[in-house]
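S.K.: Any chance you can model this:
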Amino acid sequence: NLNFINNDVTGGNPAPVSGAPGVTIGGGESSDTKERVENNDILDSSGSALTVNPIPNSLDNAATFDAITYPKGAAVLRQLVTYVGEDNFITGMRTYFARHAWGTTTLQDLIDALAEASGRDLQAWRAGWLDTAGTDRLTLEAGADGLVLAGRGPDGPPRPQVLGVGAYSRSGSGLTRTAFAEVDVQGPRTRVTLPTGADFYLVNDEDLTFASTRPAGGLAELVTSAAELPTAVSRGVVVATVWDMLTTGEATADDAVRCLTSVLAAETSDTVIEPYLRRAGDAAEFWAGDHDRPELLALVFATCARL
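M.R.: Purely as a prediction, here's the structure:
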């Protein structure tokens, strides 16, 4: 993602390349793409240090781009916009381009311009997102004192970030969002200013960050609620979470297939139909045990027939 930001925003000035995380449909990426990126990011960085290599020329710079670089970089840029605020981001970018017109810049030049426009110290953000490998885990906890977002990073506290949490109520037509809070995460526990007692809470609503998330209500609530959510993005966030839970052993193939097929029955975004079908087929064929595989494959086939 540092390479993505450096190449697209700072004019391709040679810089270290990091394996830091970008996020679950942020930055214009499909949820299927982001799921694969997050899974690879977790697997690639588990128990390992950040890999930093010099890029001596533009040809080597171009050769470093891969399936992870673009989605993660796009997700990090989206998180940066969210973190400083869209208006501040636009102001900062105008200052950056005016200040460095016809010149060569560094990433720090960009960070400085955005920090001036937003009034936020972005050094911790830069270190967390661009110099640290691994993916954060953000879990919503509901208690007597209200809602708290508990977070942890690869080796300690979570990265500085802003994400959305939505509160939804259930009616005969499905789930409707009744409240939304942007949560500014600066430590391991952050209070979420939403009313308690909602039928469903969605962590990373609007898909503003790149993180592994867990709901307050548990897996069963995710699986049963996914198709009832009102937008393709909100449904995609749930699909990505359930798939992540499958890869970590917290969900079964049955959970993943039933989540995906229920979403496919209600999905209105054509761009995710094929990726979701592929995911459902993979879960049924490769993740299910011999006893469950025929039933789950039949469910996938029936879903294909209805589509």
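
S.K.: so where's the chain uncertain?
M.R.: For the chain, applying pLDDT under 70 flags the ranges 1-53, 66-68.

S.K.: So which residues of it form strands?
M.R.: Under the criterion DSSP state E, the chain carries strands at the ranges 137-143, 146-152, 161-171, 174-185, 189-192, 200-205, 212-214.

S.K.: what's around residue 143, how many residues?
M.R.: Using other CB atoms under 10 Å, residue 143 has 9 neighbouring residues. Quick note: C-beta positions are derived from backbone N, CA and C, even for glycine.

S.K.: again, but for the one 5 residues further on
M.R.: One way to gauge burial is a neighbour count; for residue 148, by other CB under 10 Å, it gives 18.

S.K.: Can you report how many residues lie near the closest residue to it other than its chain neighbours?
M.R.: Using CB to CB, 6 or more residues apart in numbering and skipping residues adjacent in sequence, the residue nearest residue 148 is residue 141, 4.8 Å away. Residues near residue 141, counting by other CB under 10 Å, number 14.

S.K.: Quick check: residue 141 touching residue 216?
M.R.: Yes: with contact defined as CB atoms under 8 Å, residue 141 reaches residue 216; the gap is 6.2 Å.

S.K.: what residues are shared contacts of these two?
M.R.: Listed as contacting both residue 141 and residue 216 by CB atoms under 8 Å, 6 or more residues apart in numbering are residue 147.

S.K.: Out of the strands of the chain, which is the most enclosed?
M.R.: Highest mean neighbour count among these (mean count of other CB atoms under 10 Å): strand 200-205, with a mean of 25.

S.K.: got the angle for that strand vs strand 137-143?
M.R.: Strand 200-205 and strand 137-143 are oriented at 150 degrees to each other (axes from the mean of the first three to the mean of the last three CA atoms, to 10 degrees).

S.K.: Which strands border strand 200-205, and is each parallel or antiparallel?
M.R.: strand 161-171 (antiparallel) (DSSP bridges).

S.K.: Need the strands of the chain in CSV (columns: distance to residue 58).
M.R.: Formatted as CSV, the strands of the chain follow (distance: least, CB to CB, whole Å):
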stretch, distance to residue 58
strand 137-143, 37
strand 146-152, 38
strand 161-171, 31
strand 174-185, 36
strand 189-192, 41
strand 200-205, 35
strand 212-214, 34
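
S.K.: Tell me which of those approaches residue 97 most closely.
M.R.: For residue 97, the closest of these is strand 161-171, at 24.2 Å, according to CB to CB.

S.K.: Distance from the chain centre to that closest one, please.
M.R.: 15 Å (CA atoms, centre = their mean, to the nearest Å).

S.K.: Helices along the stretch 201-307 of the chain, start to end?
M.R.: 219-225, 232-247, 253-266, 273-282, 293-306 (DSSP state H, counting those that start in this stretch).

S.K.: returning to what we had before: so which of the strands of the chain gets nearest residue 110?
M.R.: strand 161-171 (18.0 Å).

S.K.: now the closest one against strand 146-152, angle please.
M.R.: Going by the same axes, to 10 degrees, strand 161-171 makes 140 degrees with strand 146-152.

S.K.: Between strand 174-185 and strand 161-171, find me the angle.
M.R.: Using the same axes, to 10 degrees, strand 161-171 lies at 160 degrees relative to strand 174-185.

S.K.: before we move on, the earlier item: looking at the helices of the stretch 201-307 of the chain, which is closest to residue 209?
M.R.: helix 232-247 (10.5 Å).

S.K.: Keeping just the C-alphas, turn that closest one into CSV.
M.R.: What follows is helix 232-247, C-alpha atoms only, in CSV (Å, rounded to 0.1, in the frame of the first residue of the first chain):
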residue,chain,number,x,y,z
ALA,A,232,-24.6,-4.2,-1.2
VAL,A,233,-21.8,-2.7,0.9
SER,A,234,-23.4,-3.7,4.2
ARG,A,235,-24.1,-7.2,3.0
GLY,A,236,-20.5,-7.4,1.6
VAL,A,237,-19.1,-6.5,5.0
VAL,A,238,-21.0,-9.4,6.6
VAL,A,239,-19.9,-11.8,3.8
ALA,A,240,-16.3,-10.8,4.3
THR,A,241,-16.6,-11.2,8.1
VAL,A,242,-18.2,-14.7,7.8
TRP,A,243,-15.5,-15.8,5.3
ASP,A,244,-12.8,-14.5,7.6
MET,A,245,-14.3,-16.5,10.4
LEU,A,246,-14.3,-19.6,8.2
THR,A,247,-10.6,-19.3,7.5
